[in-house]
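K.L.:
Okay, here's the prediction I keep looking at, along with the sequence it came from:
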Amino acid sequence: MIKKLRKKFIIAAMCAILIVLESMILAVNIVNYHHLVEKADTLTEWIISEGGSFGDAGGDLNGNNPGQNGQPQALSDDTNLDTTPPEKPDDSNSDTNSTDQKSTDDQKNPPENIGKDHMGFSKETPFETRYFTVTFDSNGNVSDCDTGKIAAIDEDSAKEYASEVYTSGKTTGFSDIYRYRVTETEDGTMIVFVDCRQEIVTVKNFAVNSFGISTLGLAAVFALVVFFSKLVFRPVAESYKKQKQFITDASHELKTPLTIIDANTEILEMDNGESQWTKSIRNQVRRLTVMTQQLITLSKLDEGEVNGEKTKFSLSDALVDCVQPFETPAMMQNKTIETDIADGIMLNGEEKTIRQLFDILLDNAVKYSTPDSTIRVHLYTKGNKTILTVWNETETIPQGNLDQVFERFYRLDEARNSEKGGSGIGLSVAKAVVTAHKGKISAFSEDGHSMLLKVVW
């Protein structure tokens, strides 16, 4: 029991940590991707606002640098290459020279308001951004294609990308590694593509690394949870062990006085004859004896293990043998036991405890079924599952799932259970036996006037 409880605690703790950690990492990666898209969209808007180009900022990829009016600077044939230093100006021209020097300094160091950050981007963005544009005329034909700001795309590839976007009807999105935006201009429909290769690689690498690191972190947390859970559950395990020992010791100690009471009652009956008082004593002794035996069995089965050796035996034959002793008491109450037991069904388990399980289920059905009713016992296989059902009519009970009947000392009807002499732990023992044999047991009432106990192995 403690092992199962500890295992559930570890699983619950790890699931909670996994959900929180992976949610945080997923959120960060979503934010990174959103920033990538937002940056690319802003760049496409900027390029569109500039008429499809950043102008000559940064030059093109042919190695030309911009000059005045956007033209590359070049040396003319008559350029004076004389390296003779100029004569030192006289004092009369000092003011003029100072003015000329200031003008030169202004050209080398432009004022602060030139080249300011634009739309949140740095001044280097136009020089770093790789992009291309394709324009379609009103007939859907390519009228212009500019690939001067990107080396990875030629005109044919640019037209191919643009044609796919143009026919799709979308206004923005990704085409491979390129973020595009479609806009209408005076010349037709222009599509701007921005290369997001580096940003996509960065986002992917971060995603892979973050999930990889989180996996290592979860492994470390798992080791710590396992270690500390052992310390946390140690007092609980010790307390539970003492409780089990107390139940076992108390049950054994009760056997001796119960045996003496039963023997004394028998002697009284031999001397004075049977009376309602001796009969009541014997019934209560029998009830206490059964209860103590059930407590011992339950204590042994709490860990989901059987003490006896597991063997492969005929489940069908065992059930047939267990049904026969209940037919007579059922008949005395005008009750009928109908059986549908498939032949040759085998089970690997401890036969003695399985027979005890059958006795508990049959006794429960006979004891709590209504007079003049039918009890149905069905054993069959379905796929690789072995299924046992015990159905009986009963007085009014809650409708639906009744798995609470497997709790210790739980009674659906206190008065009726007391009259029948039930201990309240028989079905708890049944559940412990089923669990120890890797099975599941359930209780269900379809109409509130019948009960179905179902065991699945």
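P.N.:
Received, thanks.

K.L.:
Near Gly383, how many other residues are there?
P.N.:
Residues near Gly383, counting by other C-beta atoms under 10 Å, number 6. Backbone N, C-alpha and C define where each C-beta goes, glycine included.

K.L.:
Can you pull the phi/psi pair for it?
P.N.:
When read as degrees, to the nearest 10, the backbone of Gly383 gives phi 70, psi -130.

K.L.:
likewise Ile177?
P.N.:
Backbone torsions of Ile177, given as degrees, to the nearest 10, read phi -100, psi 10.

K.L.:
Which pLDDT value belongs to the closest residue in space to it that isn't next to it in sequence?
P.N.:
Closest residue in space to Ile177, ignoring its immediate chain neighbours: Arg197 at 4.7 Å, by C-beta to C-beta, 6 or more residues apart in numbering. Per-residue confidence for Arg197 comes out at a pLDDT of 93.

K.L.:
Likewise for Leu379?
P.N.:
We have a pLDDT of 90 for Leu379.

K.L.:
quick one: the helices in the protein?
P.N.:
Along the chain, counting by DSSP state H, helices occupy 2-49, 94-108, 125-128, 155-168, 197-272, 276-301, 315-332, 351-368, 414-420, 426-436.

K.L.:
Measure how buried Lys255 is and give me the count.
P.N.:
Lys255: 14 surrounding residues under other C-beta under 10 Å.

K.L.:
Count the residues that sit near the closest residue to it other than its chain neighbours.
P.N.:
Using C-beta to C-beta, 6+ apart and skipping the chain neighbours, the partner closest in space to Lys255 is Thr292 (6.4 Å). When neighbours are defined as other C-beta under 10 Å, Thr292 has 19 of them.

K.L.:
Looks like Thr292 contacts Leu254 (just checking).
P.N.:
Yes: between Thr292 and Leu254 there is a contact under C-beta atoms under 8 Å: 4.9 Å.

K.L.:
so what's Gly55 scoring on pLDDT?
P.N.:
Predicted confidence (pLDDT) for Gly55: 59.

K.L.:
Equivalent analysis for the one 10 residues further on, please.
P.N.:
Per-residue confidence for Asn65 comes out at a pLDDT of 43.

K.L.:
Could you do the one 4 residues further on as well?
P.N.:
According to the predicted model, the pLDDT of Asn69 comes to 37.

K.L.:
and what of Gly424?
P.N.:
At Gly424, the model reports a pLDDT of 65.

K.L.:
any idea how far the nearest residue to Thr311 once chain neighbours are set aside is from Asp363?
P.N.:
Excluding the flanking residues, the one nearest Thr311 by C-beta to C-beta, 6+ apart is Glu351, at 6.7 Å. Distance, Glu351 to Asp363, using C-beta to C-beta, to the nearest Å: 18 Å.

K.L.:
And the residue nearest to Lys255, how far from Lys440?
P.N.:
28 Å.

K.L.:
Can you give the contact residues for stretch 255-267?
P.N.:
Taking contacts as C-beta atoms under 8 Å, 6 or more residues apart in numbering, the residues outside stretch 255-267 that touch it are 278, 281-282, 285, 288-289, 292.

K.L.:
Could I have the CA atoms of it written out in PDB?
P.N.:
C-alpha atoms of stretch 255-267 as PDB (Å, rounded to 0.1, in the frame of the first residue of the first chain):
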ATOM      1  CA  LYS A 255      -9.000 -16.300  18.500                       C
ATOM      2  CA  THR A 256      -8.200 -17.800  21.900                       C
ATOM      3  CA  PRO A 257     -11.100 -16.100  23.900                       C
ATOM      4  CA  LEU A 258     -13.500 -16.800  21.000                       C
ATOM      5  CA  THR A 259     -12.600 -20.500  21.100                       C
ATOM      6  CA  ILE A 260     -13.100 -20.600  24.900                       C
ATOM      7  CA  ILE A 261     -16.500 -18.800  24.600                       C
ATOM      8  CA  ASP A 262     -17.600 -21.200  21.900                       C
ATOM      9  CA  ALA A 263     -16.400 -24.200  24.000                       C
ATOM     10  CA  ASN A 264     -18.100 -23.000  27.100                       C
ATOM     11  CA  THR A 265     -21.400 -22.300  25.200                       C
ATOM     12  CA  GLU A 266     -21.300 -25.900  23.900                       C
ATOM     13  CA  ILE A 267     -20.900 -27.200  27.400                       C
END
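
K.L.:
where in the protein is pLDDT low?
P.N.:
Applying pLDDT under 70 to the chain picks out residues 1, 55-120, 240, 243-245, 247-249, 251-252, 294, 296-308, 408-424.

K.L.:
residues in contact with the residue lying closest to Ala342 once chain neighbours are set aside?
P.N.:
Of all residues not flanking Ala342 in the chain, Tyr380 sits nearest, at 4.9 Å (C-beta to C-beta, 6+ apart). Residues near Tyr380 by C-beta under 8 Å, 6+ apart: 340, 342, 345, 386-387.

K.L.:
beta partners for Tyr380?
P.N.:
Beta bridges link Tyr380 to Ile387, judged by DSSP bridges.

K.L.:
Just want to check the distance between it and Asp343.
P.N.:
Distance, Tyr380 to Asp343, by C-beta to C-beta: 11 Å.

K.L.:
Would you agree Pro329 is in contact with Asp363?
P.N.:
No: look at Pro329 against Asp363 with C-beta under 8 Å: they stay out of range, at 9.1 Å.

K.L.:
who has more neighbours, the two?
P.N.:
Set side by side, Pro329 and Asp363 show more neighbours around Asp363, with 18 against 13, by other C-beta under 10 Å.

K.L.:
how close does that one get to Thr183?
P.N.:
Relative to Thr183, Asp363 is positioned 84 Å away (criterion: C-beta to C-beta).

K.L.:
do the same with Ala162
P.N.:
Ala162 sits at a distance of 13 Å from Thr183 (criterion: C-beta to C-beta).
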